[in-house]
Structure formats: C-alpha cells, structure tokens
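Participant: Fold the following.
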Amino acid sequence: MVEKIPGWIGFISLVVGIYTLLIPDLAQNTISAAFIVIGIASLFISFYADAKDKYQVAGSALTYKFHELRILYQTVKSTNTGDDLTQYTEDVKRIYRRANWQWALNQGATEALMA
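Facilitator: Below is the predicted model of the structure:
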C-alpha cells in the first residue's frame, strides 16, 4: 500500500492540475503548471520504485568495496619505502575482479562472466 502512494499522488496532482485549467475561477497558470509538474515528477519517480532493491544491493556492495580499498590504501601508505608491495597489488586486483563479477551479475550478462 505504501509503495502505491507516490503513484496516487502523481495521478491526483495531474488531475487537479488539468482540472484547474478548465475552471475559470481556478485558472491560474502557475498553480496548474505546479500541479502538473509535481504530478509528472511523482509518476516519473514511481517508475523506478521497482528497482530500488537492486540499487540498494549495488550501493551496499560499492560502499563495502570503497571501505576495502580505503583500508588497503592506509595499509600501503603505512609501509616503508622499498617494501615489497606485490601482495597489495594482488589485493587490488582481487577487489576489482570481484567488483566486475558483481557488476556482470547485476547486469545479467553471463557472457561477461565467461571472459
């Protein structure tokens, strides 16, 4: 029920905006235009409500990878000059490979997984 409210608000705003254009006492273009814009914006936003779980998962994964890279950066920054950084290079490659793998899964691109 709660997910349908933005759609109803958009529909009602459009109806009121168009209705105010027809009634001479309410026929102020700015009010009508405001209602119509609010209605269209609300409907536009409600079109993306179905994908919000997908966006939430992708955002959480990106945040996790950001924190991984930040910790890795701080670790590398604290190493001494001349230390072997091979392990850190492999860690960065591993993080990027996992990110590309998850991106391909989210896109549904099985051919990208085979590459």
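Participant: okay, and for the chain, where does confidence drop off?
Facilitator: Judged by pLDDT under 70, the chain has its weakly predicted residues at 1-4, 6, 25-28, 101-115.
Participant: center of the protein - which residue?
Facilitator: In the chain, the C-alpha nearest the mean C-alpha coordinate belongs to residue 55, at 4.8 Å (CA atoms, centre = their mean).
Participant: Helix or strand for that residue, just tell me which one.
Facilitator: Residue 55 is located in helix 52-77, with elements delineated by DSSP states H and E.
Participant: Would you mind listing the buried residues in that helix?
Facilitator: residue 68 (16 or more other CB atoms under 10 Å). In this view, the C-beta of every residue, glycine as well, is placed from N, C-alpha and C.
Participant: what residues are up against residue 85?
Facilitator: Residue 85 sits next to 76, 79 when contact means CB atoms under 8 Å, 6 or more residues apart in numbering.
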